[in-house]
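In: structure, please.
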Amino acid sequence: MKKIRMGMVGGGQNAFIGGVHRIAAFMDGEIELVCGAFSSDETRSKASGLSLYLPENRCYASYNEMFKSEALLPKGEQMEFVVIVTPNHLHFPIAKAALEHGFHVLSDKPATLNLSEALALESLIKQHNCLFGLTHTYNGYPLIKQAKHLISHGELGNIVKLVVEYSQGWLASKDDEQSKQASWRLDPEKSGVSCCMGDIGVHAANLAEYVSGLKITDLCADLTSTVAGRTLDDDGTVMLKLSNGAKGVLLASQISLGDENNLKLRIYGDKKSIEWSQLEPNTLWLKSNTQATLQIRAGVGEMCLEAQRAMRTPAGHPEGYLEAFANIYQNFVAQIRAHNNGEKSDNATFDVPGIEEAVRGMAFIENVVIASQSELKWHPFTLDINKNFPEQN
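Out: From the prediction side, this is the model:
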């Protein structure tokens, strides 16, 4: 067996998320970075690649140059997949070019700038018979997988209510807009129709559907641009209807002063409930009205197979964001190996968020924005925005 060869677009020097991706990719020793177009500036791209010990001829000036050059290399040398770590508006054109050259794609979320691009991407993936993964990192935590297992096996009974919250405070003032990370997220041309919901609300929506096994069917939203002069939302509340008739609430905020990366999930059944927080990811609470609350700790007692596979350290040794990120990469590598061997390689089998999650994520963002702008209370969750909301054309 050989390492899977990875290329990277974006994530050059001083880029936070690029370094996170590389740490996660390298954690299991199964991936080798072989090339990259790390910046739109040729000098910076080459400098970034050389600092990562890549040969100069594989530090490319652009992603188009990289895909064309890599496709000409022998199969045993060219990259096998590309990871996209750029602002949102570049996700689709990069993924499209990669797929057209026969390369698999692992992308930061959201997958595209808008829903129409996500639907076009879905067609391209089928057309070119390539794999597509989306880095919904929080799905990678062991106790998130344990929570999903408990629900799917009826431990909570019938789900009746869901509350998911993702609060940050890093955009709480006008002064916070000076950073590179803030500037593109608040720019509709680069971020899309939403800042807060597009950046973190979509994570919360994905986590809710992933763990509960339910789908959002209707929503009622109120988005706010709290800081004066902002075009896009920095805070929002969404009421949800779920596919089994249950109700839910999704809160997302980037102006909650003092909050760091406060992602919480509570799911209530008619037998028991679960509670999990990303700030204490190795603990899952299982509660009921008739029994003592059970604290489930990662690595202690019986765990489902998916949770066991996601754990990397002995009980009592903290593991978190980087390991959860690495679990997405580990599963994607296994998916690529299966694909290379002509075996079953669908996203569900390998527990990798894929194009279905990508499309639903973009649909969530656009449905929420439209619902917030409307006087109507409830809006159906739809993948056909133009048909159901022609006034938005």
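
In: list the contacts for the residue positioned nearest the centre of the chain?
Out: Centroid-nearest residue in the chain: residue 136, 2.4 Å away (criterion: CA atoms, centre = their mean). Applying CB atoms under 8 Å, 6 or more residues apart in numbering, we find residue 136 in contact with 109, 203, 206, 207, 210, 328, 353, 357. (C-beta placed from N, C-alpha, C; glycine too.)

In: so which strand or helix has the residue lying closest to it once chain neighbours are set aside?
Out: Using CB to CB, 6 or more residues apart in numbering and skipping the chain neighbours, the partner closest in space to residue 136 is residue 353 (4.3 Å). Under the criterion DSSP states H and E, no helix or strand holds residue 353.

In: contacts only, for residue 353.
Out: So residue 353 contacts 133, 134, 135, 136, 139, 206, 210, 328, 347 (CB under 8 Å, 6+ apart).

In: for residue 356, see how far away residue 129 is.
Out: According to CB to CB, to the nearest Å, residue 129 and residue 356 sit 17 Å apart.

In: residue 287 too?
Out: According to CB to CB, residue 287 stands 31 Å off from residue 356.

In: contact partners for residue 72?
Out: residue 78.

In: where does residue 307 sit, in terms of helix or strand?
Out: Counting by DSSP H and E, residue 307 is part of helix 305-310.

In: mind giving me the packing neighbours of that helix?
Out: helix 142-152, helix 321-340 (3 or more CB pairs under 8 Å, 6 or more residues apart in numbering; DSSP states H and E).

In: for the first one, buried residues please.
Out: Applying a neighbour-count criterion of 16 or more other CB atoms under 10 Å, the buried positions in helix 142-152 are 142, 143, 144, 145, 146, 147, 148, 149, 150, 151.

In: just put those in a markdown table and tack on distance to residue 172.
Out: Below are those laid out as a markdown table (distance: CB to CB, whole Å):
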| residue | distance to residue 172 |
| --- | --- |
| 142 | 32 |
| 143 | 30 |
| 144 | 28 |
| 145 | 33 |
| 146 | 34 |
| 147 | 30 |
| 148 | 33 |
| 149 | 37 |
| 150 | 36 |
| 151 | 34 |
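
In: ok, so of those residues, who is nearest residue 80?
Out: residue 145 (26.1 Å; CB to CB).

In: surely that closest one touches residue 306?
Out: Yes. With contact defined as CB atoms under 8 Å, residue 145 counts as touching residue 306 (4.1 Å).

In: could you chop this protein up by domain?
Out: For the chain, automatic domain parsing gives the domain ranges 4-137+327-352, 141-316.

In: which one of these lies closest to residue 380?
Out: Closest to residue 380 of the domains of the chain, according to CB to CB: domain 141-316, at 5.5 Å.

In: can you give me the end-to-end span of that closest one?
Out: Length of domain 141-316, first residue to last, CA to CA, to the nearest Å: 15 Å.

In: which one, of the domains of the chain, ends up nearest to residue 371?
Out: When the domains of the chain are compared for distance to residue 371 using CB to CB, the nearest one is domain 141-316, at 4.1 Å.

In: quick check: mean pLDDT across that closest one?
Out: Across domain 141-316, pLDDT averages out at 96.

In: if we can go back for a sec, go ahead and name everything in contact with the helix holding residue 307.
Out: With CB under 8 Å, 6+ apart as the test, helix 305-310 has contacts from 140-143, 145-146, 148-149, 298, 323-324, 327, 351.

In: can you lay out those residues as TSV showing distance to residue 84?
Out: Below are those laid out as TSV (distance: CB to CB, whole Å):
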residue	distance to residue 84
140	18
141	23
142	26
143	28
145	25
146	30
148	26
149	30
298	30
323	22
324	19
327	19
351	20
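
In: distance of the nearest residue to residue 243 once chain neighbours are set aside from residue 202?
Out: Taking CB to CB, 6+ apart, and ignoring the residues beside it in sequence, residue 243 has residue 215 as its nearest neighbour in space, at 4.3 Å. Per CB to CB, residue 215 is found 15 Å from residue 202.

In: these two: which has the busier surroundings?
Out: Neighbour comparison, residue 215 and residue 202: the larger count goes to residue 202, with 27 against 13 (by other CB atoms under 10 Å).

In: nearest to residue 242, of the helices and strands packed on helix 305-310?
Out: Closest to residue 242 of those is helix 142-152 (CB to CB; 12.2 Å).

In: what is the burial count for residue 337?
Out: The burial count for residue 337: 16, using other CB under 10 Å.

In: can you add secondary structure and distance to residue 119 and give the contacts of residue 136 back as JSON lines?
Out: As requested, the contacts of residue 136 are exported to JSON lines (DSSP: H, G, I helix; E, B strand; the rest coil; distance: CB to CB, whole Å):
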{"residue": "109", "secondary structure": "coil", "distance to residue 119": "16"}
{"residue": "203", "secondary structure": "helix", "distance to residue 119": "21"}
{"residue": "206", "secondary structure": "helix", "distance to residue 119": "18"}
{"residue": "207", "secondary structure": "helix", "distance to residue 119": "23"}
{"residue": "210", "secondary structure": "helix", "distance to residue 119": "21"}
{"residue": "328", "secondary structure": "helix", "distance to residue 119": "23"}
{"residue": "353", "secondary structure": "coil", "distance to residue 119": "17"}
{"residue": "357", "secondary structure": "helix", "distance to residue 119": "14"}
